[in-house]
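Undergrad: Got a sequence here, can you model it:
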Amino acid sequence: MTAKSNRPSGARRKVVRPIGFFSSLKVELSVLIVIATLIVFVMAWILQKIGWSGWMAMPLTLIVALGITYLFSHGLTAPLRQLRDAANAMADGDYTVRVHMGTDSNDEIGQLTRAFNDMAEELQHADQMRLDMIANVSHELRTPVSALQAMVENMADGVVEPTPANLEGLLNQTHRLSDLIAFLLDLSRMEAGAASLNIEEFDFRDFLDETIEPLEIADAGHAHEILLRVDDTIRMEGDQDRLRQLFTNIIANALKHSADGTTVLVEAHEDDTDGMVVTNVVNFGSQIPEAERAVIFRRFVKGKTGPGTESGGTGLGLSIARWAAQLHGGTVRVVDDRRGADFEIRLPKRHETKPARS
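TA: Numbering: from 1, shown residues only. All right, here's what the predicted structure looks like:
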């Protein structure tokens, strides 16, 4: 970003707008013309009454009219000038700039300044997310690459023997790299707005069993129990690879934020009212404040494992889960549940021809 000296000077000084409470700029300009005309007419009448000739009264009335018009028009155009300066500052990379004049008016200029500030807020957030992504990806790549390099160098130097345990450590680090690359590929697909889907019909209970099994193996050291309650008769259509991303990320998130030795519940049923398959993944004990329920699905937002402590990972898991659900015309959200944090996944049994876009 550039230095904040690019911020427009109008942001620091107050400019009074004589007319700004009308809902239309056309009305304000019409009022300006009427006021100027009335003042010129009254002045000309008074000057004639006191004996001034028309050649003397005309220049004076024109000067007064121009002065009044300039005064009023300056207040009308001041926000536009600040918008210009702010746009130039943003073009130089300063996304912290904001327009302060005209935001309290009801006309088109006020609407424009408020829309500009909203856009600047989004651009600043996007730029911060870009910087965070670079930092996160660099960190996530550096850790497994450094571990791989050190282990391979030790094996090449004969310091460490290529035992099955050491080779398994190398394999685990390559898996971490593969997962990160998969996350980045999914992010690029999210940016594109859609992805190709391989739609097929499948048994939902078997699908969840196959999805949960590797999570249980990976979680062996934490002694979590995944309790599955699903109707055996549920069959649905969808892309199993994309849906496996969805359920793996949601269930893995629940396991990550559960104390060791606790239970995570996965229950599913059919909603006959709208033909949806509803799955709830419940992390017993913990709760997610309502103010954070929408934020956690934003990209690169990491949850808290404790006071002031961020969880590991890339912060993409939940956003990818929501994207996969939207591709199938479904939704993912956090719902109220006294038992704990409850992620509700709603997916149509029958896949629509045109999937929802992210």
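Undergrad: Do you have the strands of the stretch 101-250 of the chain handy? List them.
TA: Secondary structure of the stretch 101-250 of the chain (DSSP state E, counting those that start in this stretch): strands at 200-203, 225-230, 235-238.
Undergrad: buried stuff in stretch 69-89?
TA: F72, G75, L76, T77, A78, P79, R81, Q82, L83, D85, A86, A89 (16 or more other C-beta atoms under 10 Å). All C-beta atoms are positioned from the backbone trio N, CA, C, and that covers glycine.
Undergrad: what kind of secondary structure is the last one in?
TA: With DSSP: H, G, I helix; E, B strand; the rest coil as the basis, the three-state label of A89 is helix.
Undergrad: distance of it from R98?
TA: Separation of A89 from R98 (C-beta to C-beta, to the nearest Å) stands at 10 Å.
Undergrad: Likewise for I296?
TA: Separation of I296 from R98 (C-beta to C-beta): 27 Å.
Undergrad: try E122
TA: Remark: distance between E122 and R98 (C-beta to C-beta) = 13 Å.
Undergrad: I'd like the strands of the stretch 101-250 of the chain as CSV, with distance to N249 and mean pLDDT appended.
TA: Putting the strands of the stretch 101-250 of the chain into CSV (distance: least, C-beta to C-beta, whole Å; pLDDT from 0 to 100) gives the following:
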stretch, distance to N249, mean pLDDT
strand 200-203, 19, 94
strand 225-230, 14, 92
strand 235-238, 16, 94
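Undergrad: Out of those, flag the one nearest A115.
TA: strand 235-238 (38.4 Å; C-beta to C-beta).
Undergrad: So which bits of the closest one are buried?
TA: Applying a neighbour-count criterion of 16+ other C-beta under 10 Å, one finds M236, E237, G238 buried in strand 235-238.
Undergrad: now do stretch 274-289
TA: Buried residues in stretch 274-289, counted by 16+ other C-beta under 10 Å: M276, V277, T279, N280, V281, V282, N283, F284, I288.
Undergrad: What ranges does the stretch 251-358 of the chain have for its strands?
TA: For the stretch 251-358 of the chain, the strands defined by DSSP E, counting those that start in this stretch cover 263-271, 276-284, 304-306, 309-310, 331-335, 340-348.
Undergrad: The second one to strand 340-348, inter-axis angle?
TA: Going by axes from the mean of the first three to the mean of the last three C-alpha atoms, to 10 degrees, strand 276-284 is angled at 160 degrees with respect to strand 340-348.
Undergrad: which outside residues touch strand 276-284?
TA: Applying C-beta atoms under 8 Å, 6 or more residues apart in numbering, the set of residues contacting strand 276-284 from outside is 204, 234, 236, 247, 250-251, 254, 257-258, 262-271, 330, 335, 337, 339-349.
Undergrad: Out of those, which end up buried?
TA: Using 16+ other C-beta under 10 Å, the buried members of the contacts of strand 276-284 are 204, 234, 236, 247, 250-251, 254, 257-258, 262, 264-266, 268, 270, 330, 337, 340-349.
Undergrad: and the closest residue to N198 other than its chain neighbours, what does it touch?
TA: Excluding the flanking residues, the one nearest N198 by C-beta to C-beta, 6 or more residues apart in numbering is D239, at 5.0 Å. D239 sits next to L197, N198, I199, E200, L327, H328 when contact means C-beta under 8 Å, 6+ apart.
Undergrad: mind redoing it with 7 Å?
TA: L197, N198, I199 (C-beta atoms under 7 Å, 6 or more residues apart in numbering).
Undergrad: ok, those vs L316, which is closest?
TA: Closest to L316 out of the contacts of D239 is L197 (19.8 Å), distances taken as C-beta to C-beta.
Undergrad: is it true that the closest one touches A324?
TA: No. L197 is beyond contact range of A324, at 9.7 Å (criterion: C-beta atoms under 7 Å).
Undergrad: overlap in contacts of these two?
TA: R242.
Undergrad: the more surrounded of the two?
TA: Neighbour totals were compared for L197 and A324, and A324 leads with 31 against 17 (other C-beta atoms under 10 Å).
Undergrad: all helices for the protein, in order.
TA: Here the chain has its helices, by DSSP state H, at 25-49, 54-91, 108-156, 164-192, 204-218, 240-256, 317-327.
Undergrad: Nearest to H224, out of these?
TA: Smallest distance to H224 across those (C-beta to C-beta): 5.4 Å, for helix 240-256.
Undergrad: From the contact counts, what lies against that closest one?
TA: On a contact count with 3 or more C-beta pairs under 7 Å, 6 or more residues apart in numbering; DSSP states H and E, helix 240-256 meets helix 204-218, strand 263-271, strand 276-284, helix 317-327, strand 340-348.
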